[in-house]
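Peer 1: take a look and give me a structure for this.
(chains A, B and C)
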Amino acid sequence: MNKLKKNNEYSFFEDVFEVVRQIPKGRVSSYGAIAAYLGTKMSARMVGWAMNSSHKVKPLVPAQRVVNRNGMLTGKNHFETVTQMEELLKKDGIEIKNDTVQNFDGLFWDPSKNLL
DNA sequence: GCATTGACGAAGG
DNA sequence: CCCTTCGCCAATG
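Peer 2: Here you go, the predicted structure:
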């Protein structure tokens, strides 16, 4: 499957990982925002799909900081444990209520605005 | 090679 | 205001 990857063309997966790693502690971002930063704003799904491999890449990607546009921890089910995601976010100082990031609007981190 | 699914999002009813 | 439908792109069956 691998090995014959176009050396010039890195999957946008790595781009997603890189952006997610840039998310500051205590902040969260959304799939759509990351997708938009990568240019594929219409395909936020692809970002989520990329996160599917986030657990197997070298520098673990803080996927827990990436939630949907509603601030809901939709991907918690894909973590080692369903509580892992909210626990990690709580450690970052983010309050989680009912699997949803509180004050999501205030904690939201837009890569296109901050990373640029 | 076509059909289904997926950690989303915006629009329509 | 809540729920349903469509669109996107890629991977898997």
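Peer 1: residue A:66 touches residue A:30, doesn't it?
Peer 2: Yes. With contact defined as C-beta atoms under 8 Å, residue A:66 counts as touching residue A:30 (7.0 Å). C-beta coordinates here come from the backbone N, C-alpha and C atoms, glycine included.
Peer 1: okay, the two: which has more neighbours?
Peer 2: Higher neighbour count among residue A:66 and residue A:30: residue A:66, with 27 against 21, using other C-beta atoms under 10 Å.
Peer 1: show me what contacts the closest residue in space to residue A:74 that isn't next to it in sequence?
Peer 2: Once flanking residues are discounted, residue A:74 sits nearest to residue A:68: 4.9 Å by C-beta to C-beta, 6 or more residues apart in numbering. Residues near residue A:68 by C-beta atoms under 8 Å, 6 or more residues apart in numbering: A:30, A:31, A:32, A:74.
Peer 1: excluding chain neighbours, what is closest to the first one?
Peer 2: The reference is to residue A:30. In this structure, residue A:30 finds its nearest non-sequential neighbour in residue A:69, 4.9 Å apart by C-beta to C-beta, 6+ apart.
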